[in-house]
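# Take a look and give me a structure for this.
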Amino acid sequence: MSETGSTADIGVSRDGHVAIVEIRRPPHNFFDIQLIRGLADIFESLDSDPTCRCSVLAAQGTSFCAGADFSRPENAPDVDPTRKTTPLYDEALRLFSCAKPVVAAVHGAAVGGGLGLSLVADFRVTCPEARFSANFTRLGFHPGFALTYTLPRLIGVQKSALMFYTGRRIGGVEAVAIGLADVLVPQDLVRAEALKLAVEIAVSAPLAVVSTRATLRAGLVEQAQKAVAREGAEQSWQRQTADFKEGIAAMAARRLPVFQGK
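Presented below is the predicted three-dimensional model:
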C-alpha cells in the first residue's frame with residue numbers, strides 16, 4: 001500500500017484501484033472549511049485519476065468525525081445574512097459532486113456535520129460502538145451539511161425527524177437496522193471491511209459503475225444545493241440567538257442546555 005498526496009490533516013494511500021482517504025485530526029476529527037476543502041480537492045483529483053475506481057473515507061482517533069468544534073472561537077461559523085449558503089457548505093457541495101463511489105469506515109462517532117460527511121459516501125461500514133447523531137437542535141440551531149435532504153433520502157422523513165428533533169445518538173446496530181449504515185462488523189475490522197467492499201466495487205467495470213451511480217444519484221447535487229441554501233439561511237439568524245449561545249456553552253460544559261426560545 002503506497003501513500004501519496006497526503007497533507008498534515010488528510011492522508012491518501014492506495015491499494016490497487018482503491019484510494020484510502022484518512023482524516024488525521026484525532027481524537028475527534030473536528031472539521032473546518034480548510035479540512036472540507038482539502039477533502040474536496042482530493043476527491044476531485046481522484047475523479048480525474050483513471051487508475052482509481054473507488055475510495056474509502058476513514059479517520060484516525062476515537063471518532064469518525066464529531067463535526068465542527070464550535071467551542072473553539074476560530075471554528076465559530078460565519079454569520080452573514082446576505083449569503084444564501086456558507087463557504088463551508090459550498091465546499092461540501094463539491095464533495096457531493098464527485099463522480100466515483102466512496103465507502104465510509106465509521107468506527108466511532110459521526111456527529112452533526114460529521115454525520116453529514118458520512119452521508120457523502122455511497123455506503124457506510126460501522127460497528128456497535130459507533131454513534132450517529134444529528135445534534136444540531138441540541139446546539140440551538142437548524143441542521144446543516146445538506147442533511148435535511150440526504151438523511152430523509154436514506155432513512156425516510158419520519159426516522160429523520162426523530163433524529164433531528166431529539167438529537168439522540170443512534171448506535172451502529174440500530175443504524176444498520178434503519179438503513180443509516182450498511183455493514184456491521186467488530187470495531188477493529190471496520191476499515192478492513194470498508195476496504196473489502198471498495199475492492200469488490202473496483203472489480204466491476206469502472207465506466208459502468210460511474211454511469212450507474214450518476215443515474216442513481218440524478219438530482220442529488222441540485223437538491224443538496226437547495227437544502228444548504230435553506231439550511232444556511234436558517235442557521236444564519238439562529239446563530240445570533242441566545243439559544244445558540246446556550247447550546248454551545250452547554251456542549252463545552254458537558255451539561256444539558258436550558259433553552260428559552262429566544
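# Would you mind measuring from the most centrally placed residue in the chain to Ile10?
Nearest residue to the geometric centre of the chain (CA atoms, centre = their mean): Leu117, 1.0 Å. For Leu117, the distance to Ile10 (CB to CB, to the nearest Å) stands at 12 Å. Every residue, glycine included, has its C-beta placed from N, CA and C.
# Could you name every residue contacting both of these two?
Common neighbours of Leu117 and Ile10, counting by CB atoms under 8 Å, 6 or more residues apart in numbering, are Leu39.
# And the nearest residue to Thr150 once chain neighbours are set aside, its phi and psi?
Take Thr150 and drop its neighbours on the chain: the residue closest to it by CB to CB, 6 or more residues apart in numbering is Leu119, 4.4 Å away. Main-chain torsions, Leu119, degrees, to the nearest 10: phi -80, psi 0.
# ok, Leu119 to Tyr149 distance?
Taken as CB to CB, the span from Leu119 to Tyr149 is 9 Å.
# Now do the contacts for the closest residue to Glu231 other than its chain neighbours.
Closest residue to Glu231 apart from its sequence neighbours, by CB to CB, 6+ apart: Gly144 at 4.5 Å. Contacts were defined as CB under 8 Å, 6+ apart; by that measure Gly144 touches 86, 89, 112-113, 116, 136, 228, 231-232, 235.
# Equivalent analysis for Ser204, please.
Ser204 neighbours (CB under 8 Å, 6+ apart): none.
# Please determine how far it is located from Ser97.
Counting by CB to CB - Ser204 and Ser97 are separated by 22 Å.
# Thr126 and Ala134, how far apart?
Per CB to CB, Thr126 is found 16 Å from Ala134.
# Actually, Val190.
21 Å.
# Give me the pLDDT value at Ala252.
For Ala252, the pLDDT comes out at 87.
# the bottom helix or strand of the chain by mean pLDDT?
When each helix and strand of the chain is scored by mean pLDDT, DSSP states H and E, strand 2-3 comes last, with a mean of 62.
# so after that one, what's the next helix or strand?
strand 10-15 (DSSP states H and E).
# Direction included, what does that next one pair against?
When pairs are called by DSSP bridges, strand 10-15 turns out to pair with strand 2-3 (antiparallel), strand 18-23 (antiparallel).
# Nearest to Ala161, out of those?
strand 18-23 (28.9 Å; CB to CB).
# can you map out the strands along the stretch 151-262 of the chain?
Counting by DSSP state E, counting those that start in this stretch, the stretch 151-262 of the chain has strands at residues 169-171, 183-184.
# Using JSON lines, lay out those together with mean neighbour count, distance to Leu93 and mean pLDDT.
Shown next, in JSON lines, are the strands of the stretch 151-262 of the chain (neighbours: other CB atoms under 10 Å; distance: least, CB to CB, whole Å; pLDDT from 0 to 100):
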{"stretch": "strand 169-171", "mean neighbour count": "18", "distance to Leu93": "25", "mean pLDDT": "97"}
{"stretch": "strand 183-184", "mean neighbour count": "19", "distance to Leu93": "27", "mean pLDDT": "98"}
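# Tell me which of those approaches Asp15 most closely.
Relative to Asp15, the nearest member of those by CB to CB is strand 183-184, separated by 17.9 Å.
# circling back: secondary structure class for the residue nearest to Glu231?
Counting by DSSP: H, G, I helix; E, B strand; the rest coil, the backbone at Gly144 sits in coil.
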